[in-house]
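K.L.:
how would this look folded up:
(chains A, B and C)
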Amino acid sequence: MMTPARKFSFSHNILPSHFYDYETTAVAQALLGKLLVHETSAGIVAGRIVETEAYLADDPACHAHGGKKTPRTEVMFGAPGTAYIYLIYGMHNCFNVVTGVEGVGEAVLIRALEPVCGIELMQVWRKQTAPHNLCSGPGKLVYAMGITRALNALSLMEPPLYLAEPVAPPGKFNVVTTTRIGISKGADLPLRFYIKDSLFISRK
DNA sequence: GTGATGATTTAA
DNA sequence: TAAATCATCACT
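P.N.:
Residues are numbered from 1 along each chain as shown, chains lettered A, B, ... in the order given. The predicted structure is shown next:
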């Protein structure tokens, strides 16, 4: 008789609150190699973060630049380690990790993941099969992970959506720094970070 | 109320 | 290269 698939989760490896006790650019780099996990009713999906962008309080590309607090940006001023999810271009959503000191509006955009877990689910939700095309963009990974705006403002330190240490010992990797993608203001700032030679980033 | 804008993706 | 598509925000 077949052994039933073991129920598992990554929740015992959740990144603790002190992970966020650093400036946003440092957290953006430290998030590379970590896991983003979503425990859904359909199953667990997870990916290794391979590309991020920092959005800072004094940064013209940041939704909350200059301390601009609106109904939308309010979560960016909340506790670090919460989710900031917003609609972009009327049809996709972007997923961010709120960072920085509470009361200051900063966040890290997750731009790409390497699929780790629940790839079949990702393929269904993305209507794509190629692994390198499942999570290689901020809008794409939101679909692949089953993330919706219902998760906006929720803590990333507990299920169903959370950040975790990878299970296997992290291999050594190099980080590349470039300017950010798809913005007009603040376009020259070196605030995009990705894992060198990753096949899963949104673009070189 | 109205209009400009946008941290994207996809297909042609 | 262009179209799709709509929440958000400032207010010519």
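
K.L.:
CA-only coordinates of the helix or strand hosting A:Glu114, as CSV, when you get a sec.
P.N.:
For A:Glu114, the enclosing helix or strand under DSSP states H and E is strand A:107-117. Extracted C-alpha coordinates of strand A:107-117, given in CSV (Å, rounded to 0.1, in the frame of the first residue of the first chain):
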residue,chain,number,x,y,z
ALA,A,107,9.2,48.2,1.5
VAL,A,108,10.9,45.6,-0.6
LEU,A,109,9.3,44.4,-3.9
ILE,A,110,9.8,40.7,-4.6
ARG,A,111,10.5,40.5,-8.3
ALA,A,112,11.3,36.9,-8.9
LEU,A,113,11.3,33.4,-7.3
GLU,A,114,12.8,30.1,-8.1
PRO,A,115,10.0,27.6,-7.8
VAL,A,116,10.6,25.2,-5.0
CYS,A,117,7.3,23.6,-4.0
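
K.L.:
What's the nearest residue in chain A when you look at DNA strand B?
P.N.:
Nearest to DNA strand B, among the residues of chain A, is A:Gly182, at 1.8 Å (Cβ to the nearest atom of the strand). Backbone N, C-alpha and C define where each C-beta goes, glycine included.

K.L.:
Now do that residue against A:Lys127, distance only.
P.N.:
Distance of A:Gly182 to A:Lys127, computed by Cβ to Cβ, to the nearest Å: 22 Å.

K.L.:
of the two, who's got more company?
P.N.:
Neighbours were counted for A:Gly182 and for A:Lys127 using other Cβ atoms under 10 Å; A:Gly182 has more, 14 against 7.
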